[in-house]
Structure formats: structure tokens, C-alpha cells
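Predicted coordinates and the sequence they were generated for:
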Amino acid sequence: MREILGRRLQRLRDRFQSLRPDPGQSGSTSALLDAALVCATTWQWPVLPGAGRSGTDGKRCACPDPDCAVPGAHPFDPGLLAATTDPRMVAWWWTNRPAAPVLMATGGTAPCAVSLPAGAAARALVRLDAQGMRLGPVVATPTRWALLVAPYSLERLGELLYAKDHVPSSLRFHGEGGYLLLPPSAASSGGQVRWEREPRAQSAAQRPRARSAQARPPQARSAQAQAQAGNLWLPEIEAVVDALVEASSGAPGGGSRLAY
């Protein structure tokens, strides 16, 4: 599977070579373009470039807010609605802004995510693994991890959380109208975003059979169909939320400032 993805990526890079600057790009900026193309074309995730950093020290966000809570790691220009899976647009963006972080617009037919402090997330993954829970990709920064899950609606999330006695403020949900910072972008809190668990395509044996899918309620069938976008397994939010709530209960909430 890695060889197949490698050949696809090489074809995409060859196809858009004429759009890239002639002077040699650094490895990090080339990796950002490659990552954006893989997300958009292989996994069918709508992506867009983040605001990025500016200033001589490279620490200040390029947006107009001098007190930006997530420097560089949020949409600005273009806005979130511009997120796309079109490889031509993706190549154009990162050709003109090769150091821009990679953002995925969450929700719709794209994955959603649940993020929590790194230590709490590591404990949650141990618990879920012990339960034999099948998980999807996990994005990690030095301070927070995010578990990708099947798309969910705000109404569905609201009903799920309403049934909980307590939802820690350190637990954050990236659904419709949200976004997630993807590897190998620079994290706003320092360091680099990485895959704690990489996206992996399903084999034919792992894909759900049509008959079993038809036996499910319409809402479950719809969510499962969206979860298989890009031939990638994603768990339902209901399957992981209890472990994430429990693991986050003792973690600092961090107020309303989003630190990735």
C-alpha cells in the first residue's frame, strides 16, 4: 500500500512540477506541499493553507491580531470556506506560500476530530486499545492530540454530550465549520505536528459488506458511508467519547484559548 501511495504522490508531484519555484525548496516546505496533496487527493480531505508566521523571529502570527491565541495555525486568507480537494488549487497555494501550515476543514464528508491534552490522550489510547477498539488516525502536537472520527452533526454531538454528567473544558470538538492542523505543520505552541497514528487505507477484507450496511438504520448507514471517504476507517464519536471524557477530567482546561 505504501508503494501504491508513493507512486500516486510521485505522479502528482511530476504533474505540478511546472507550478513549483525553480530554485530548490527546502525539505520542510516541500513536505508541506506533498502532505497537502496526499490529504486532498488520496484521502479526499478538503485542505487550505493556514495564516502562517511573520516577523523576524518567526513567532508572530501573520494575521492582524497581535494577541492571536494560535499563531499561524488558523485560517485567515483564504478563509475556511475555500478548503478544497482540487490538486491544482492546492499546488498553487503552497507554491506561493510554501511554508504555510496545512489545515483540514472538518465535518461534512471530511473527518471530524476530538482533541485533548497530550498526556490525557495517551492514557485514553491505552484504555481504548485495551478494549480492542479500532481507532483511526491520531494527530499529535507537543501539547495536544486529536483523534479523527467519522463525521457527526452538531445536533448529534449536542445530544451525546447532554447525556454526560460532566464534559471537561480541556476536551474540544472539531466538527462542521471547524478545522484541524495537520502534519508536518509547525505547531502554534512550538515543535511540529506529527502523526501519532498514521492514516491507513483499508484492505478489501476490512471494508464493511453492503448487506451488513443495509441492515443498519439510515443515520448509521449515512455516517458509515461518510467515514469511508477516501477508503479510510474512522470510528464513530460514540465509540470513543467516554474514554476521552474520563481521561480529560483531571487535565487543565486552558480556558477559551485554543493552544495546539
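Cool, the structure landed. Numbering: from 1, shown residues only.

just so I have it, where are all the helices in the stretch 51-200 of the chain?
Secondary structure of the stretch 51-200 of the chain by DSSP state H, counting those that start in this stretch: the helices cover 87-96, 118-130, 154-162.

what about the longest one, distance to the chain center?
Here the centre of helix 118-130 is set off from its chain's centre by 18 Å, with Cα atoms, centre = their mean, to the nearest Å.

That one packs against which elements?
strand 138-140, strand 144-149, helix 237-248 (3 or more Cβ pairs under 8 Å, 6 or more residues apart in numbering; DSSP states H and E). Just so you know, the C-beta spots here come from the backbone N, C-alpha and C atoms, and that holds for glycine as well.

repeat that with 6 Å
strand 144-149, helix 237-248 (3 or more Cβ pairs under 6 Å, 6 or more residues apart in numbering; DSSP states H and E).

what's the answer for the last one, then?
Using 3+ Cβ pairs under 6 Å, 6+ apart as the contact criterion, helix 154-162 has no neighbours among helices and strands.

got the angle between that helix and helix 237-248?
Following axes from the mean of the first three to the mean of the last three Cα atoms, to 10 degrees, one obtains 40 degrees for the angle between helix 154-162 and helix 237-248.

Export the helices of the stretch 51-200 of the chain as JSON lines, with columns for mean neighbour count and distance to residue 77.
What follows is those, written out as JSON lines (neighbours: other Cβ atoms under 10 Å; distance: least, Cβ to Cβ, whole Å):
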{"stretch": "helix 87-96", "mean neighbour count": "18", "distance to residue 77": "11"}
{"stretch": "helix 118-130", "mean neighbour count": "17", "distance to residue 77": "30"}
{"stretch": "helix 154-162", "mean neighbour count": "12", "distance to residue 77": "26"}
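
hang on, the earlier thing: right, so of the helices and strands packed on helix 118-130, which gets closest to residue 107?
strand 144-149 (10.8 Å; Cβ to Cβ).

dump the residue contacts of residue 103.
48, 50, 179 (Cβ atoms under 6 Å, 6 or more residues apart in numbering).

where's the residue nearest to the last one when sequence neighbours are not counted relative to residue 201, distance?
It stands for residue 179. Closest residue to residue 179 apart from its sequence neighbours, by Cβ to Cβ, 6 or more residues apart in numbering: residue 103 at 4.9 Å. The spacing between residue 103 and residue 201, counted by Cβ to Cβ, to the nearest Å, is 22 Å.

cool, residue 41 as well?
13 Å.

thinking again about what came up before, please name whichever of the helices of the stretch 51-200 of the chain is nearest to residue 244.
helix 118-130 (5.2 Å).

Report the angle between that closest one and strand 144-149.
40 degrees.

Renumber starting at 226 from here on
Sure thing, new numbering starts at 226, so read that last one as helix 343-355.

State the mean pLDDT of helix 343-355.
Averaging pLDDT along helix 343-355 gives 96.

what does stretch 302-312 give?
Mean pLDDT, computed over stretch 302-312, is 96.

Quick check: buried residues in that stretch?
305, 308, 309, 310 (16 or more other Cβ atoms under 10 Å).

pLDDT score for residue 394?
89.

residues near it, how many?
13 (other Cβ atoms under 10 Å).

quick one on the thing from earlier: and residue 279, which of the helices and strands packed on helix 343-355 is closest to it?
So among those, strand 369-374 is nearest, using Cβ to Cβ, at 23.5 Å.
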